[in-house]
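A.B. asks: Show me how the following folds:
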Amino acid sequence: MKFVKKGEGKPRPATGHSGEWGMITVEPGKDSQKLGMLLSHFLPEGTFPMAPTPIEMIYLGVTGKVQVKGKNPGEDYIIEPGDAVYMAPGDEREINVIGTDPATIWVIMVRG
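C.D. replies: I've put the predicted structure just below:
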């Protein structure tokens, strides 16, 4: 069992992101065999460009509004607190913060 207190975690560089800062709270291969959890904070106008996800991922809204747009028609979602979107390996997505408030999402990752 692992308990993570608010504010705890290991800072993660935001490779490819703009206006984002994350904290790894459960690290795959260290804290868990396959599962990873990251608390990702985005500033207003924060983004991540269209790219495929190499692993299974879930984005779970905590604060603010985040647009997750996929490559395929109809894949355009606004995540607000309590909303979630699942992505299979290879799904392409981009992220954009909506509005003038910062946004926070939990990123849950499952490695094969």
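A.B. asks: Retrieve the pLDDT associated with the residue nearest to Val107 when sequence neighbours are not counted.
C.D. replies: Distances taken as CB to CB, 6 or more residues apart in numbering put Leu38 closest to Val107, at 4.2 Å, once the chain neighbours are dropped. C-beta: built from backbone N, CA, C; applies to glycine. Leu38 is assigned 94 on the pLDDT scale.
A.B. asks: What are the buried residues along the lowest-mean-pLDDT helix or strand in the chain?
C.D. replies: For the chain, counting by mean pLDDT, DSSP states H and E, strand 10-12 ranks last in confidence among helices and strands (a mean of 89). The neighbour-count criterion (16 or more other CB atoms under 10 Å) identifies Arg12 as the buried residues of strand 10-12.
A.B. asks: still on that earlier bit, what distance do you get for the residue nearest to Val107 to Arg93?
C.D. replies: 15 Å (CB to CB, to the nearest Å).
A.B. asks: and if you look at Val85?
C.D. replies: Here Val85 is placed at a distance of 8 Å from Arg93 (CB to CB).
A.B. asks: Arg12 now?
C.D. replies: Taken as CB to CB, the span from Arg12 to Arg93 is 18 Å.
A.B. asks: Over to Lys5?
C.D. replies: In terms of CB to CB, Lys5 sits 30 Å off from Arg93.
A.B. asks: ok, back up a step: now what about the least confident helix or strand of the chain, what contacts it?
C.D. replies: Defining contact as CB atoms under 8 Å, 6 or more residues apart in numbering, one finds that strand 10-12 is touched by 21-24, 27, 38.
A.B. asks: So for the residue lying farthest from the centre of the chain, what's the pLDDT?
C.D. replies: Seen from the C-alpha centroid of the chain, the residue lying at the greatest distance (CA atoms, centre = their mean) is Met1, 22.9 Å away. Per-residue pLDDT puts Met1 at 91.
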